[in-house]
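Asker: could you work out the structure for the sequence below:
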Amino acid sequence: MSGPARVERFPDSEADDDVVLRARGIEKQYGSSCGDCVELTGDDAGTNQCPTCGTIVAVADADLELHRGEVLGIVGESGSGKSSLAEILALELEATAGTVDYAGFEGNLLEADYQQRHRLRHEEIGLVHQHIRNGLTLSFTGGGNVAEKLLAAGWRHYGDVRERLTELFEATEVPVDRMDDPTSTYSGGMQRRVQIAKAIANGPGLIVLDEPTTGLDVSVQARVLDMFREIQREEDVSTIVVSHDLGVIRLLADRTLVMRHGRIVESGLTDRILEDPHHEYTQTLINSIL
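Answerer: Prediction:
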């Protein structure tokens, strides 16, 4: 599929060669805004619902950068806005406002048209959904789910597709001899690994993991996370990990953003966030698991 030429750096910004994504002023509202919703919500207000008109401000004033090969964690309680922010960056959700510079796209990523979004989602940006049914068609075979991503990116030769599927299943530790079985017959851990295989199928520059351990037993969680960390390091792919589980963030993330009531309330190196949190909410969040 045709699309804008890939660029290797942001225009006029030689010092930012390693910045893959830069987001500024990301905002997402649900409802008919009264115009004062952002000012009347947030961490200081203690709510993300506008008291005047009832609009939900899922995300506001969100700024972030992601560097090449880096893993950025986004953590917060349910309703904090972390998944909305991640889905916007993965082009799965329309933003109300904001700009995103992405090293694989010329211009504001959020203004990409349908064709451009289709190309980006299949070639440049991989998403592992929190809920399996949003990321996989369970009536399809495991191989069919991943092949769908390859075909959308222009793969056509059957032998090449099967060879790539074998590579991906081996990399994600899904038994190759189960490739032609319906995905509904796979365990939860295998389904999650098929989602990861699908996300990395075309060598994207960005992967977004939304609550990657949801519904998995602890032992399965550990294996899936170890497997992904190994792939991420080998491929040097930039990654955003969304989780309410600080154990996941500690294992995977180099830097971490903490969200509450739709706002980023703290950010920094993951070790610093977890060992010396500055914001009262972050302190409470960490103390709750100790």
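
Asker: surely residue 22 is within a strand?
Answerer: Yes: membership of residue 22 in a strand is supported by DSSP: H, G, I helix; E, B strand; the rest coil.

Asker: ok, it - how many residues close by?
Answerer: 19 (other CB atoms under 10 Å). Every C-beta, even on glycine, is put in place using the N, C-alpha and C of the backbone.

Asker: same question, the one 10 residues further on
Answerer: By other CB under 10 Å, the residues close to residue 32 number 9.

Asker: helix, strand, or coil at it?
Answerer: What three-state DSSP gives for residue 32 is coil.

Asker: quickly find the element holding residue 29.
Answerer: According to DSSP states H and E, residue 29 maps onto strand 19-30.

Asker: what element comes up after that strand heading to the C-terminus?
Answerer: Where DSSP H and E defines the elements, the next helix or strand beyond strand 19-30 is strand 56-67.

Asker: what packs against that following strand?
Answerer: Applying 3 or more CB pairs under 8 Å, 6 or more residues apart in numbering; DSSP states H and E, one finds that strand 56-67 contacts strand 19-30, helix 82-89, strand 238-243, strand 263-269.

Asker: could I get these as CSV with mean pLDDT and distance to residue 170?
Answerer: Below are those laid out as CSV (pLDDT from 0 to 100; distance: least, CB to CB, whole Å):
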stretch, mean pLDDT, distance to residue 170
strand 19-30, 97, 27
helix 82-89, 96, 28
strand 238-243, 96, 21
strand 263-269, 97, 34
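
Asker: let's have these in JSON lines, adding distance to residue 132.
Answerer: Shown next, in JSON lines, are the helices and strands packed on strand 56-67 (distance: least, CB to CB, whole Å):
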{"stretch": "strand 19-30", "distance to residue 132": "24"}
{"stretch": "helix 82-89", "distance to residue 132": "15"}
{"stretch": "strand 238-243", "distance to residue 132": "16"}
{"stretch": "strand 263-269", "distance to residue 132": "28"}
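
Asker: still on that earlier bit, okay, angle between the strand holding residue 29 and helix 82-89 too, please.
Answerer: When axes from the mean of the first three to the mean of the last three CA atoms, to 10 degrees is applied, the directions of strand 19-30 and helix 82-89 differ by 120 degrees.

Asker: buried sites along strand 19-30?
Answerer: 19, 20, 21, 22, 23, 26, 27, 28, 29 (16 or more other CB atoms under 10 Å).

Asker: what's across from the third one in the sheet?
Answerer: In this case it means residue 21. Residue 21 has the following beta-bridge partners by DSSP bridges: residue 66, residue 102.

Asker: residues in contact with it?
Answerer: Shown in contact with residue 21 (CB atoms under 8 Å, 6 or more residues apart in numbering): 64, 65, 66, 89, 100, 101, 102, 103, 109, 206, 238.

Asker: now the strand holding residue 29, how far from the chain's geometric center?
Answerer: When C-alpha coordinates are averaged (CA atoms, centre = their mean, to the nearest Å), strand 19-30 and its chain have centres 13 Å apart.

Asker: and the angle from that strand to strand 56-67?
Answerer: 180 degrees.

Asker: mind listing what residue 63 touches?
Answerer: Residue 63 makes contacts with 23, 24, 25, 26, 264, as judged by CB under 8 Å, 6+ apart.

Asker: the helix or strand residue 257 falls within - contacts with which helices or strands?
Answerer: Element membership for residue 257 (DSSP H and E) is strand 255-260. When contacts are defined as 3+ CB pairs under 8 Å, 6+ apart, strand 255-260 packs onto strand 71-75, strand 263-269, helix 270-275, helix 280-287.

Asker: and among the ones you listed, the most buried is which?
Answerer: Mean neighbour count (mean count of other CB atoms under 10 Å) peaks for strand 71-75 among these, with a mean of 27.

Asker: partners of it in the sheet?
Answerer: Sheet pairing of strand 71-75 (DSSP bridges) gives strand 238-243 (parallel), strand 255-260 (parallel).

Asker: buried set for the helix or strand that the first one is followed by?
Answerer: In other words, strand 238-243. Using DSSP H and E, the next helix or strand after strand 238-243 towards the C-terminus is helix 246-252. Across helix 246-252, burial judged by 16+ other CB under 10 Å covers 246, 248, 249, 251, 252.

Asker: likewise stretch 92-99?
Answerer: If you call a residue buried by 16+ other CB under 10 Å, then stretch 92-99 has these buried ones: 92, 95, 96, 98.
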